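S.K.: This is a predicted model, with the sequence first.
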Amino acid sequence: MTKAQALHDLSSIYASRATGLYGLTLINQLAHAVQSGHHARAQGLPSSLVVAALLHDIGHMVHDLGEHPANFGMDDQHEEIGARWLKSYFGPNVTEPIRLHVPAKRYLCTVETDYFDKLSKDSVESLALQGGPMSEREVLNFQKAIHWQDAVALRRIDELAKDPKGPMPKFEEFSDDILSCILA
Ligand SMILES: [Fe+2]
Ligand SMILES: [Fe+2]
């Protein structure tokens, strides 16, 4: 597969499958994705994290569990599905922050006393299904993961990127970042 083909595959998914809300209440998945990419770039983060931010919820789009599995009390494990799915395109500097973005939410709820209060409604609803705040032992294990700090940065961006009036760049504006990170 060429890099151009890989970019085309990813763009096609967002063009065709990112109109769903998947638990988000105010903006669709495409807007959430590009707004996440925007914030990563605005924070001066490297291309790998810009791409991770852009694609962090792709797991919601490549499973067949419907848009609101949480309504049925089901955690769709989109972070694991997405990271696994992206492994044929990217290295761990992109896939690991994605795989860990849900544990990063559980981590922040434990280590920052006011983090839970700042969560959006959809994040609160999914948190319980995802295991709730981490125990102290889970916190220590989480901090052993190589990309745990990148995952925390991504998780903060995730929560920022749900603003219907926020910036909405086009998906294509991230093509150079994606191409620079796709494995040869
Ligand atoms: Fe997510
Ligand atoms: Fe997200």
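M.R.: Perfect, I can see it now. Ligands and ions are numbered 1, 2, ... in the order given.

S.K.: So which residues of the protein form helices?
M.R.: Using DSSP state H, the helices of the chain run over 3-17, 29-42, 47-55, 58-61, 78-86, 92-99, 101-111, 115-118, 121-129, 136-142, 148-160, 175-181.

S.K.: unless I'm mixing things up, residue 177 is touching residue 53, no?
M.R.: No. Residue 177 is beyond contact range of residue 53, at 9.7 Å (criterion: CB atoms under 8 Å). No exception for glycine: its C-beta is placed from N, CA and C like everyone else's.

S.K.: higher neighbour count, those two?
M.R.: Between residue 177 and residue 53, counting by other CB atoms under 10 Å, residue 53 is the more crowded of the two (33 against 22).

S.K.: give me every residue that touches the residue lying closest to residue 105 once chain neighbours are set aside.
M.R.: Ranked by CB to CB, 6 or more residues apart in numbering and with sequence neighbours excluded, the top spatial neighbour of residue 105 is residue 155, at 5.3 Å. Listed by CB atoms under 8 Å, 6 or more residues apart in numbering, the contact set of residue 155 reads 101, 104-105, 108.

S.K.: can you tell me which two in the residues you listed are farthest apart?
M.R.: 101 and 108 (10.7 Å; CB to CB).

S.K.: The two - which one has more neighbours?
M.R.: residue 101 (27 against 20).

S.K.: now, of the helices of the chain, which is deepest in the fold?
M.R.: Highest mean neighbour count of the helices of the chain: helix 47-55, a mean of 27 (counted as mean count of other CB atoms under 10 Å).

S.K.: Tell me if it is near ligand 2.
M.R.: No. Contact of helix 47-55 with ligand 2 (CB under 5 Å from the ion) is absent, the minimum separation being 8.9 Å.

S.K.: Against which helices or strands is that helix packed?
M.R.: On a contact count with 3 or more CB pairs under 8 Å, 6 or more residues apart in numbering; DSSP states H and E, helix 47-55 meets helix 29-42, helix 92-99, helix 148-160, helix 175-181.

S.K.: Among the contacts of residue 155, which one sits closest to ligand 2?
M.R.: Distance to ligand 2 across the contacts of residue 155 (CB to the ion) is lowest for residue 101, with 7.2 Å.
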